[in-house]
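*Asks:* output the structure for:
(one chain, ligands or ions: 1)
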Amino acid sequence: MEEIPNKSHVLVLPFPVQGHINPMVQFSKRLASRGVKVTLITIDSISKSMPMESNSIKIESIPHNDSPPDSYDNFLEWFHVLVSKNLTQIVEKLYDLEYPVKVIVYDSITTWAIDLAHQLGLKGAAFFTQSCSLSVIYYHMDPEKESKVSFEGSAVCLPSLPLLEKQDLPSFVCQSDLYPSLAKLVFSRNINFKKADWLLFNSFDVLEKEVINWLRSQYRIKTIGPIIPSMYLDKRLKDDKEYGLSLFKPNSETCMKWLDSREFGSVVYVSFGSLANLGEQQMEELATGLMMSNCYFLWVVRATEENKLSEEFMSKLSKKGLIVNWCPQLDVLAHQAVGCFFTHCGWNSTLEALSLGVPMVAMPQWSDQPTNAKFISDVWQTGLRVKAGENGVITRDEVASSIREVMEEEKGVMLKKNAIKWKQLAKEAVDVGGSSDKNIEEFLSNL
Ligand SMILES: O=c1ccn([C@@H]2O[C@H](COP(=O)(O)OP(=O)(O)O[C@H]3O[C@H](CO)[C@@H](O)[C@H](O)[C@H]3O)[C@@H](O)[C@H]2O)c(=O)[nH]1
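*Replies:* As a prediction, this is how the structure comes out:
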């Protein structure tokens, strides 16, 4: 029987930072591959600096005269104002009888988008760029909630989650005084549970089974991940090798050439994502620890962080390592020379490592990363977590010994075995008929 085309038009509105753009652009491509029309809404400073490399989705870019503010909080407010001013006009411009705009898929952090969607007579789907576990923690520990759970003892027990110690909790829970307005904003994501028409999570059922079951018992959530370019997992979308909208320019050729000349499983790939800033002392310990591990390493140090590397380290670098400002991370993780990923545990990096079967050394920094590290080390058992010294700094010895444990010791063999198991399960989730695939299908058929 011939399939009836789904003549819907979906608008996708990511919060414009790399870790949020990647999964939402990728989700857009997944939808477009099923015949719906998809328009990604972003801002000029993003679309102009890096033209989109996908012709399956259209871009609607909002012009702005001023530069986006540097601080995260101010940026969010600035983005809110800009979108509010322009959204009606964009929706009117996209008016099409044959492919009517039906829904806005918005970043769960921009909770105001659900009201805008509803005012325009559209549905709103909140897209969560972090794990389901995070949402359950935020749900129970929301300071505004009357029956909130507070962290007092040495550990907290929340429904469906493993026992969480202080070091496993998101930074906004333990250090809310450190980032008060950002913390408020993070917890305000809970509004999505009340208002959104759909709740879409970049995760997959078996990965966070208990947590997802608990969330499902309360809300109609849909898991649609891991949402990474098709060529690395299910290979269903032809030529889908990159997310497509990179805010940093990767040194692809240098990285791949360097990796090609290394032996199987001999390289540690090190990256802290697009936002983290390590202190100078921590950079020094990390740099020395990498040298001491005696393994080859490919380290992404963003241009703004490079001045933290000492001359002494740089003078010895070429014997063991390569530093680049940005790399094609998926290609790197998929390379046979890479034996482990030394990571800050951003949710995308975590999912990418799981999907490509790469064991990890977890060195979380803030936000959701400590909880992701807990799952990596204790639940999925695909990595080790470094232990901080008394002043909170991870020492050179700790860096070197953790790497050696994953790269050379018996424990590393077990971690690799588990990593391969998760790779297979991730593939099954997104393959035709898999749990995430079915959820995307269902989302579209109910538009
Ligand atoms: O050299 C690099 C380094 C990273 N990446 C990509 O950039 C993304 C980074 O995302 P993520 O690992 O999630 O880290 P952050 O950029 O730090 O992401 C922010 O957003 C995530 C999703 O909300 C959160 O989980 C993180 O804690 C938060 O810091 C990934 O897709 C990587 O593949 C590259 O392509 N090249």
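*Asks:* lowest average confidence, helix or strand, in the chain?
*Replies:* Least confident element among the helices and strands of the chain, by mean pLDDT, DSSP states H and E: helix 180-187 (a mean of 82).
*Asks:* quick check: which element contains the residue most central in space within the chain?
*Replies:* Centroid-nearest residue in the chain: Asn348, 2.7 Å away (criterion: CA atoms, centre = their mean). Per DSSP states H and E, Asn348 falls inside helix 347-356.
*Asks:* residues contacting that helix, please?
*Replies:* For helix 347-356, contacts defined as CB atoms under 8 Å, 6 or more residues apart in numbering pick out 19, 22-23, 129-131, 202-203, 207, 225-228, 232-233, 271, 273, 329-330, 333-334, 341, 343, 359-360, 368, 372, 375-376, 380, 382-383, 419, 422-423, 426-427. Heads up, the C-betas are built off the backbone N, CA and C, glycines and all.
*Asks:* for the residue lying closest to Pro16 once chain neighbours are set aside, which three-state class applies?
*Replies:* Distances taken as CB to CB, 6 or more residues apart in numbering put Ile46 closest to Pro16, at 5.1 Å, once the chain neighbours are dropped. Put simply, Ile46 is helix when judged by DSSP: H, G, I helix; E, B strand; the rest coil.
*Asks:* contacts with the ligand among the contacts of helix 347-356, please.
*Replies:* 19, 22, 129-130, 271, 273, 329-330, 368 (CB under 6 Å from any ligand atom).
*Asks:* which of these are buried?
*Replies:* 19, 22, 129-130, 271, 273, 329-330, 368 (16 or more other CB atoms under 10 Å).
*Asks:* pull the most distant pair out of those residues.
*Replies:* Leu330 and Asp368 (20.5 Å; CB to CB).
*Asks:* list the contacts for the residue nearest to Pro16?
*Replies:* Taking CB under 8 Å, 6+ apart, one finds 16, 21, 61, 245, 247 in contact with Ile46.
*Asks:* which one in those is the model shakiest on?
*Replies:* Lowest-confidence member of the contacts of Ile46: Leu245, scoring 85 (pLDDT).
*Asks:* tell me the residues of this structure that contact the ligand?
*Replies:* 18-20, 22, 129-130, 271, 273-276, 300, 326-327, 329-330, 346-349, 352, 367-369.
*Asks:* so which of those sit within strands?
*Replies:* In this view, these that belong to strands under DSSP state E are 271, 300.
*Asks:* buried ones in the helix or strand following the least confident helix or strand of the chain?
*Replies:* Toward the C-terminus, helix 180-187 is succeeded by helix 191-195 as the next helix or strand (DSSP H and E). Neighbour-count burial for helix 191-195 flags 192-193 (criterion: 16+ other CB under 10 Å).
*Asks:* tell me how far helix 191-195 is from the chain's mean position?
*Replies:* Helix 191-195 has its C-alpha centroid displaced from the chain centroid by 21 Å (CA atoms, centre = their mean, to the nearest Å).
*Asks:* what sits up against the very next helix or strand once past it?
*Replies:* Following helix 191-195 in sequence order, the next helix or strand is strand 198-201 (DSSP H and E). For strand 198-201, contacts defined as CB under 8 Å, 6+ apart pick out 27, 103, 105, 123-128, 131-132, 135, 192-193, 212, 219-225, 443.
*Asks:* repeat the analysis, applying 10 Å as the threshold.
*Replies:* 23-24, 27, 103, 105, 108, 123-132, 134-135, 192-193, 208, 211-212, 215-216, 219-225, 227, 436, 439-440, 442-443, 446-447 (CB atoms under 10 Å, 6 or more residues apart in numbering).
*Asks:* taking these one by one, which sit in helices?
*Replies:* 23-24, 27, 132, 134-135, 192-193, 211-212, 215-216, 436, 439-440, 442-443 (DSSP state H).
*Asks:* filter these to the buried ones?
*Replies:* When the ones in helices among the contacts of strand 198-201 are checked for burial by 16+ other CB under 10 Å, the buried set is 23-24, 27, 132, 134-135, 192-193, 211-212, 215, 436, 439-440, 443.
*Asks:* return the member of these nearest to Phe79.
*Replies:* Of these, the one sitting nearest to Phe79 (CB to CB) turns out to be Met24, at 14.0 Å.
*Asks:* separation between that closest one and Trp258?
*Replies:* 31 Å (CB to CB, to the nearest Å).
*Asks:* likewise for Asn372?
*Replies:* From Asn372 to Trp258 the distance is 28 Å (CB to CB).
*Asks:* more neighbours, the two?
*Replies:* Neighbour tally, Asn372 and Trp258, criterion other CB atoms under 10 Å: the higher count belongs to Asn372, 29 against 18.
*Asks:* and the residue nearest to the more buried one when sequence neighbours are not counted, backbone torsions?
*Replies:* Distance criterion CB to CB, 6+ apart; nearest residue to Asn372, sequence neighbours excluded, is Cys345 at 4.1 Å. Main-chain dihedrals, Cys345, degrees, to the nearest 10: phi 70, psi 30.
*Asks:* distance of the residue nearest to Pro16 from Gly153?
*Replies:* In terms of CB to CB, Ile46 sits 44 Å off from Gly153.
*Asks:* now name the helix or strand holding Glu405.
*Replies:* In this structure, Glu405 sits in helix 396-408 according to DSSP H and E.
*Asks:* buried ones in that helix?
*Replies:* Using 16+ other CB under 10 Å as the test for burial, helix 396-408 gives 396, 398-407.
*Asks:* surely Ser171 touches Leu134?
*Replies:* No - if you go by CB atoms under 10 Å, Ser171 and Leu134 don't touch, sitting 11.4 Å apart.
*Asks:* joint contacts of those two?
*Replies:* 186, 367-368, 371.
*Asks:* nearest to the ligand within the stretch 101-250 of the chain, name that residue for me.
*Replies:* Nearest to the ligand, among the residues of the stretch 101-250 of the chain, is Thr129, at 3.7 Å (CB to the nearest ligand atom).
*Asks:* quick one: contacts for that residue?
*Replies:* 14-15, 17, 19-24, 27, 107-109, 200-202, 225, 227, 346-348, 368.
*Asks:* got it, and Phe341?
*Replies:* Contacts of Phe341 (CB under 10 Å, 6+ apart): 268-271, 329, 332-333, 349-350, 352-353, 356, 358-362, 376, 382-383, 406, 419.
*Asks:* among the residues you listed, which ones are buried?
*Replies:* Using 16+ other CB under 10 Å, the buried members of the contacts of Phe341 are 268-271, 329, 332-333, 349-350, 352-353, 356, 358-362, 376, 382-383, 406, 419.
*Asks:* and the nearest residue to Phe27 once chain neighbours are set aside, what is it in contact with?
*Replies:* In this structure, Phe27 finds its nearest non-sequential neighbour in Ile227, 5.2 Å apart by CB to CB, 6+ apart. Ile227 is in contact with 22-30, 127, 129, 200-204, 233, 243, 348, 351, 355, 430, 436, 440, counting by CB under 10 Å, 6+ apart.
*Asks:* the inter-axis angle of the helix or strand harbouring Asn86 versus helix 180-187?
*Replies:* Element membership for Asn86 (DSSP H and E) is helix 72-93. Per axes from the mean of the first three to the mean of the last three CA atoms, to 10 degrees, the angle that helix 72-93 makes with helix 180-187 is 40 degrees.
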